[in-house]
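K.L.:
Sequence first, predicted coordinates after that:
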Amino acid sequence: MSTGLILHPDGCQRCWWPGTDPLYVAYHDTEWGVPEHDDRALYEKLILDGFQAGLSWITILRRREGFRRAFAGFEPEAIARFGPERVEALMQDTGIIRNRAKIEATIRSARAYLAIQERGPGFSAFLWDFVDGRPLQTTAETRAEIPTETEISRKMSKALKAEGFGFCGPTIVYAFMQAVGMLNDHLVGCCRHTPCAALPGPGGLGAAP
């Protein structure tokens, strides 16, 4: 049985999931597992992970620029003002995933994001508090050891839903946490595991053991 590592022509062993697709490999090497601290960027990634539900991430990745164009650069202040006419226009936009429930959830989530921002200290702090401000380090050696959700992702999901966010179940939230570096879920043998382990969380806080 495969451990979940793929040896690439450049000599680097990588996690199995990007395969050999150049776009996917670049995402794996430069974004996935890198701690993200920017409020707006975190909102964008959470929304895109919600759109991924039922689909593969590469489907979303190939449309990311289309999503950014359609959703005003993922500026929550702009999205929060979207009305019924804008929703109908988005339902005709072939550059995104045309799912009415997910589009409407994006608008509600923008309003929830703004409410969190208004009361401070911000969306990034709200999310990173679930891991005490430090990236969690995992030690999975095979793909079978990586869970689809955890107690932390369940707690975060519950809190986000209470704020008014949509499409943020525990599995979606766990994938989000992996992507934005709240935990380092690169397999131990992956060439990105050690570099990501050295990256700090918000405020320069080091990785949690």
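P.N.:
Cool, the structure landed.
K.L.:
Give me the most central residue, this protein.
P.N.:
Phe176 (3.1 Å; C-alpha atoms, centre = their mean).
K.L.:
quick one: the one helix or strand it maps to to chain centroid distance?
P.N.:
If you go by DSSP states H and E, Phe176 is part of helix 170-179. The chain centre lies 6 Å from the centre of helix 170-179; the measure is C-alpha atoms, centre = their mean, to the nearest Å.
K.L.:
The next helix or strand after it pairs with which strands?
P.N.:
Once the chain leaves helix 170-179, the next helix or strand it forms, by DSSP H and E, is strand 183-184. Sheet pairing for strand 183-184, assigned by DSSP bridges, gives strand 136-137 (parallel).
K.L.:
Report the rounded mean pLDDT for the strand it pairs with.
P.N.:
Mean per-residue pLDDT for strand 136-137: 96.
K.L.:
Downstream of it, the next helix or strand is which one?
P.N.:
helix 151-163.
K.L.:
And the contacts of that next one?
P.N.:
Helix 151-163 is contacted by residues 46, 112, 115-116, 126-127, 130-131, 136, 168-174, 177 when judged by C-beta atoms under 8 Å, 6 or more residues apart in numbering. Every C-beta, even on glycine, is put in place using the N, C-alpha and C of the backbone.
K.L.:
any idea of the pLDDT on the closest residue to Arg192 other than its chain neighbours?
P.N.:
Nearest residue to Arg192 in three dimensions, chain neighbours excluded: His186, at 4.7 Å (C-beta to C-beta, 6 or more residues apart in numbering). Per-residue pLDDT puts His186 at 98.
K.L.:
With Pro200 instead?
P.N.:
86.
K.L.:
Tell me the helix or strand right after the helix or strand hosting Thr59.
P.N.:
Thr59 belongs to helix 57-62 when assigned by DSSP H and E. Counting by DSSP H and E, the next helix or strand C-terminal to helix 57-62 is helix 64-70.
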